[in-house]
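[1] predicted model follows, preceded by the sequence.
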Amino acid sequence: MANQNLIPVIVNGAAGKMGREVIKAVAQAPDLSLMGAIDTSPEHQGKDAGEVAGLSEPLEVPITNQLEPMLGYVAGERHMQPGVMVDFTHPDSVYDNIRSAIAYGIRPVVGTTGLSPEQIQDLADFADKASTGCLIIPNFSIGMVLLQQAAIAASQYFDHVEIIELHHNQKADAPSGTAIQTAQMLAEMGKTFNQPIVKETEKLPGARGSVADEGIRIHSVRLPGLIAHQEVIFGALGQIYTLRHDTSDRTAYMPGVLLAIRKVLQLKSLVYGLEKIL
Ligand SMILES: NC(=O)C1=CN([C@@H]2O[C@H](COP(=O)(O)OP(=O)(O)OC[C@H]3O[C@@H](n4cnc5c(N)ncnc54)[C@H](OP(=O)(O)O)[C@@H]3O)[C@@H](O)[C@H]2O)C=CC1
Ligand SMILES: O=C(O)C1=N[C@H](C(=O)O)C[C@H](O)C1
C-alpha cells in the first residue's frame, strides 16, 4: 500500500501490558504504520518496540519518552493519513496526553481509564473547538458491549442491581472505567435503584461498596491471577439474574482498538464508548 493510504500510529504506554498488544496488532495491520512508541519506564528507553512486545523481528521503532516531539513529527508527515495516538498509560497522565495530541492535530484513541467526568467534558470541548476526532473507550471488548446492552434491557424490569468488577492487583484506579460506564448507562434509564428497605450500618467502612448515580453500587476486587472481569447482578423477589464477562487474554481488546484507530479519522469531535462506533 502506498504511504499516502497508511495511517501513522503512535502508541503511548508502548511497554505496558496493553501497549505491547497494541504494538503487535498495529504491526500486523496492512493499513497502519507504527511511527512512534512512547513509554516513560526507564528500563525500556531506546529498546525496539517490536522486541519489547515479543515479536521475533525488530520493528526499527525505538521506545522513547518524548511524546511532544513525536506528535510534531507525525503531524508533519503530510503525505500520509492524519496521525492517531493510542493511549494506554496511567490515569495521572492521560488528560495531558490527549490535550497534547489534539493540539498537534493527532487523533487520540484512548483506553486509559480514570478520567473524571469534568476532564472528559473539558476534552470534548477542546476536541470540538479543534474539529478533531477523539475516542475514549473504557472497554474495547465486544463482549462487554453485549453485557452492557443486556444490562440495559434487564434494568427495565429489575429495581435492584449491584456491580462487581474484578481486576489484577496492578490496576491503579478503582472502580474500573468499565464499571463506572456501566453504572452510568443504567442510571440513564431514569429510575433510582436499590431503595433501602432497612436502615443499614456499615461496621467496616466500604463494606457495601461505592454508590454511583441512582443508587447503583459498585464493588472492586483486586487480586493477582485476575485479568479483567465484571458481574452485573440484578435481584428481585425470588430471583437473581447475573451477567458476567471475563477477559482471559488482552488480545480480546485488539479488534476494538483497530476499529477505533480507523474510525477516529472520520470524526470531528469526542466520542465516548465502543458501542457508538460499532
Ligand atoms: N479500555 C480498555 O479496554 C482497557 C483499558 N485499560 C487501561 O489502560 C491503562 C493501562 O493499562 P495497562 O497496560 O494494564 O498498564 P501498564 O502499567 O501495564 O502499562 C502502562 C505503561 O505506560 C507507561 N506510562 C505511565 N505513564 C506514562 C506517561 N505519562 N507517558 C508514557 N508512558 C507512561 C508505564 O510505565 P511505568 O510502568 O514505568 O509507569 C507502563 O509501561 C489503564 O488505565 C487500564 O485501566 C487496560 C485494559 C483494557
Ligand atoms: O486495568 C485494566 O486491566 C482494565 N481497565 C479497564 C477498566 O478500568 O475498565 C478495562 C478493562 O476492565 C481492563
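    Ah, there it is. Ligands and ions are numbered 1, 2, ... in the order given.

[2] enumerate every residue touching residue 104.
    68, 71, 72, 74, 75, 83 (CB atoms under 8 Å, 6 or more residues apart in numbering). Every residue, glycine included, has its C-beta placed from N, CA and C.

[3] can you select the buried ones from those residues in PyMOL?
    Applying 16 or more other CB atoms under 10 Å to those, the buried members can be selected in PyMOL as follows:
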select buried, resi 71+74+75+83
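
[4] just the contacts of residue 104 now: which is nearest ligand 1?
    When these are compared for distance to ligand 1 (CB to the nearest ligand atom), residue 68 comes out closest, at 11.1 Å.

[5] the residue nearest to that closest one when sequence neighbours are not counted: what secondary structure?
    Counting by CB to CB, 6 or more residues apart in numbering, residue 100 is the residue found nearest to residue 68 once chain neighbours are left out, at 6.0 Å. Here residue 100 is recorded as helix under DSSP: H, G, I helix; E, B strand; the rest coil.

[6] close enough to count as contact, residue 100 and residue 66?
    No: contact criterion CB atoms under 8 Å: residue 100 and residue 66 do not qualify, at 11.5 Å.

[7] those two: which is more packed in?
    residue 100 (17 against 12; other CB atoms under 10 Å).

[8] list the contacts for the more buried one?
    Neighbours of residue 100 in contact, by CB under 8 Å, 6+ apart: 67, 68, 71.

[9] ok so, going back, how close does the residue nearest to residue 68 sit to ligand 1?
    Distance, residue 100 to ligand 1, by CB to the nearest ligand atom, to the nearest Å: 10 Å.

[10] how about residue 44: what's its closest non-neighbour residue?
    residue 15 (4.1 Å).

[11] and what of residue 222?
    residue 169 (4.3 Å).

[12] on the pLDDT front, check the one you found for me.
    Residue 169 carries a pLDDT value of 98.

[13] so what's the residue count around it?
    Residue 169, neighbours per other CB under 10 Å, totals 10.

[14] doesn't residue 227 make contact with it?
    No: in this structure residue 169 lies outside contact range of residue 227 using CB under 8 Å: 11.2 Å.

[15] just list the residues touching the residue positioned nearest the centre of the chain, thanks.
    Geometric centre of the chain, nearest residue: residue 111, 2.4 Å, by CA atoms, centre = their mean. Contacts for residue 111 (CB under 8 Å, 6+ apart) come out as 18, 86, 87, 88, 137, 138, 140, 253, 257.

[16] which of the contacts of residue 100 fall within helices?
    67, 68, 71 (DSSP state H).

[17] need the contact list for the last one.
    With contact set as CB under 8 Å, 6+ apart, residue 71 has these partners: 10, 83, 85, 100, 101, 103, 104, 106.

[18] what's the closest non-adjacent residue to it?
    That would be residue 104: by CB to CB, 6+ apart, it lies 4.0 Å from residue 71.
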